[in-house]
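Chemist: Structure here, sequence nowhere to be found:
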Ligand code: F3S
């Protein structure tokens with residue numbers, strides 16, 4: 001790789017130990033993937049924040065970097081293993097909380113915004129079309145690439161953090177236009193009415209086409225929440241970290257020769273396959289990815305005047321909670337007995353064994369609920385999730 005003077009200085013240790021370590025990680029990645037140079041990044045999203053995933057070895061790595069490491073660009077964090085302020089209410093142990101707080105302190109020491117969310121683009125970390133960024137978290141990566149038109153590979157925790165500390169990333173993969181072109185044209189012959197349908201579409205695409213990049217035709221309209229749902233489901237179920245929808249997403253792509261069709265039957269089957277039999281729902285989860293303000297309005301309207309009879313979490317970024325409080329949504333949600341879960345999510349909180357069967361609006365939530373915690377899962381519309389929680 002060709003290095004600038006500054007990049008060479010970082011590698012030699014002139015800018016401190018954290019910058020040296022970071023540059024070593026990035027240069028190794030660049031060599032492996034055949035990058036010719038580094039490009040500057042404008043924003044970073046760091047995944048690997050939950051102590052449940054990091055363990056003591058991860059915490060030590062972060063504390064070592066935090067000794068002299070400072071981020072050079074705007075950097076936010078993925079969900080942590082607990083609500084950082086309200087962890088007792090969500091049943092988190094004191095031992096876990098102490099470790100999780102140390103993790104957050106190490107990130108804060110490096111100058112990272114400690115807003116822990118998988119939807120940083122809803123709370124101010126919203127890159128513009130064409131910008132190179134270094135994001136972790138598959139749903140956020142896919143949303144940034146496909147819906148915002150920014151350019152990022154799917155970074156792991158250490159490489160995203162290294163990009164934040166150096167302000168650079170090796171130019172390979174989805175940073176290059178030629179690797180962002182669609183290779184399969186997908187005719188969507190199915191009705192897409194709500195967020196859950198878009199999640200089911202991501203499931204079908206991932207299973208049927210794998211990680212090839214698709215150009216979708218036949219989708220007349222899609223809200224940002226629906227695109228958020230598709231962006232989450234697609235990579236979870238094996239799909240690519242970028243997609244194109246004719247007339248909706250901002251990137252240009254060549255039209256591929258390979259052609260497939262998605263039918264209504266395939267979409268219906270996908271929803272059936274994401275519904276496990278055999279257990280009564282004992283946990284209802286909304287906010288995977290973390291809720292937008294529109295979703296919070298819908299949830300609060302549906303819960304208004306009702307009482308939940310099962311554990312129900314509504315997950316969101318903390319700044320989103322503040323906004324929803326100003327609009328009176330949080331008060332209605334809390335009056336129903338549903339719990340607000342900021343900073344965290346069911347996939348990274350230590351929930352194994354606490355619940356048996358989870359209802360959610362999220363196809364990605366189904367994937368991680370099964371895979372990480374062994375829950376039985378049920379994919380439902382928001383209306384049905386609220387019915388399930390209140391019946
Ligand atoms: Fe976000 Fe967790 Fe879902 S990180 S996308 S709420 S699995």
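Modeler: Arrived safely. A quick note: this is a predicted structure, and the numbers were derived from the prediction, not measured.

Chemist: Roughly how far does the nearest residue to residue 7 once chain neighbours are set aside sit from residue 170?
Modeler: Nearest non-adjacent residue to residue 7, counting by Cβ to Cβ, 6 or more residues apart in numbering: residue 38, 5.9 Å away. (Glycine included, C-beta is placed from N, CA and C.) Computed as Cβ to Cβ, to the nearest Å, the residue 38 to residue 170 distance reads 6 Å.

Chemist: Return every residue with contacts to both of these two.
Modeler: 1, 26, 30 (Cβ atoms under 8 Å, 6 or more residues apart in numbering).

Chemist: Now do the same contact list for the last one.
Modeler: This points to residue 30. Per Cβ under 8 Å, 6+ apart, neighbours of residue 30: 1, 38, 170, 171, 172.

Chemist: what sits up against the helix or strand containing the second one?
Modeler: If I follow you right, that is residue 38. Using DSSP states H and E, the element containing residue 38 is strand 38-40. Applying Cβ under 8 Å, 6+ apart, the contact partners of strand 38-40 are 1, 3-4, 7, 26, 30, 132, 166-171, 175.

Chemist: got the buried residues for it?
Modeler: Residues of strand 38-40 classed as buried by neighbour count (16 or more other Cβ atoms under 10 Å): residue 38.

Chemist: what is the rounded mean pLDDT of it?
Modeler: Averaged across strand 38-40, pLDDT comes to 98.

Chemist: For it, what is the distance to the chain centroid?
Modeler: Remark: strand 38-40 is offset 23 Å from the chain centroid, using Cα atoms, centre = their mean, to the nearest Å.

Chemist: In the sheet, which strands lie alongside it, parallel or antiparallel?
Modeler: strand 168-170 (antiparallel) (DSSP bridges).

Chemist: So which bits of the host helix or strand of residue 24 are buried?
Modeler: Following DSSP H and E, the helix or strand that holds residue 24 is helix 17-32. Buried positions in helix 17-32, judged by neighbour count with 16+ other Cβ under 10 Å: 18, 19, 20, 21, 22, 23, 25, 26, 27, 29, 30.

Chemist: Let's have those residues in JSON lines, adding pLDDT and distance to the ligand.
Modeler: Listed next are the buried residues of helix 17-32 as JSON lines, based on pLDDT from 0 to 100; distance: Cβ to the nearest ligand atom, whole Å:
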{"residue": "18", "pLDDT": "97", "distance to the ligand": "26"}
{"residue": "19", "pLDDT": "98", "distance to the ligand": "28"}
{"residue": "20", "pLDDT": "97", "distance to the ligand": "31"}
{"residue": "21", "pLDDT": "97", "distance to the ligand": "26"}
{"residue": "22", "pLDDT": "97", "distance to the ligand": "24"}
{"residue": "23", "pLDDT": "98", "distance to the ligand": "28"}
{"residue": "25", "pLDDT": "97", "distance to the ligand": "23"}
{"residue": "26", "pLDDT": "98", "distance to the ligand": "24"}
{"residue": "27", "pLDDT": "97", "distance to the ligand": "29"}
{"residue": "29", "pLDDT": "97", "distance to the ligand": "23"}
{"residue": "30", "pLDDT": "97", "distance to the ligand": "27"}
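
Chemist: Quick one: residues contacting the residue nearest to residue 380 when sequence neighbours are not counted.
Modeler: The shortest distance from residue 380 to any non-neighbouring residue, by Cβ to Cβ, 6+ apart, is to residue 359 (5.2 Å). By Cβ under 8 Å, 6+ apart, the contact set of residue 359 is 281, 283, 284, 285, 377, 378, 380, 384, 385, 388, 389.

Chemist: Going by proximity to the ligand, name the top residue of the stretch 151-300 of the chain.
Modeler: Residue of the stretch 151-300 of the chain nearest the ligand, by Cβ to the nearest ligand atom: residue 288 (3.3 Å).

Chemist: Please tell me how far residue 96 sits from residue 352.
Modeler: Relative to residue 352, and taking Cβ to Cβ, residue 96 is found at 12 Å.

Chemist: Sorry, slip of the keys, the one I care about is residue 266.
Modeler: Taking Cβ to Cβ, one finds residue 266 at 32 Å from residue 352.

Chemist: Helices along the stretch 101-250 of the chain, start to end?
Modeler: Shown for the stretch 101-250 of the chain, the helices assigned by DSSP state H, counting those that start in this stretch span residues 138-143, 157-166, 195-209, 224-236.

Chemist: Next, the angle helix 224-236 makes with the longest one.
Modeler: For helix 195-209 against helix 224-236, the angle by axes from the mean of the first three to the mean of the last three Cα atoms, to 10 degrees is 30 degrees.

Chemist: Just give me the neighbour total for the residue nearest to residue 68 when sequence neighbours are not counted.
Modeler: Residue nearest to residue 68 in three dimensions, not counting chain neighbours: residue 16, with 4.2 Å by Cβ to Cβ, 6+ apart. With neighbours defined by other Cβ atoms under 10 Å, the count for residue 16 comes to 15.

Chemist: what pLDDT does residue 16 get?
Modeler: 97.

Chemist: That one against residue 66, yeah?
Modeler: No. Counting by Cβ atoms under 8 Å, residue 16 sits too far from residue 66 to count as a contact (11.5 Å).
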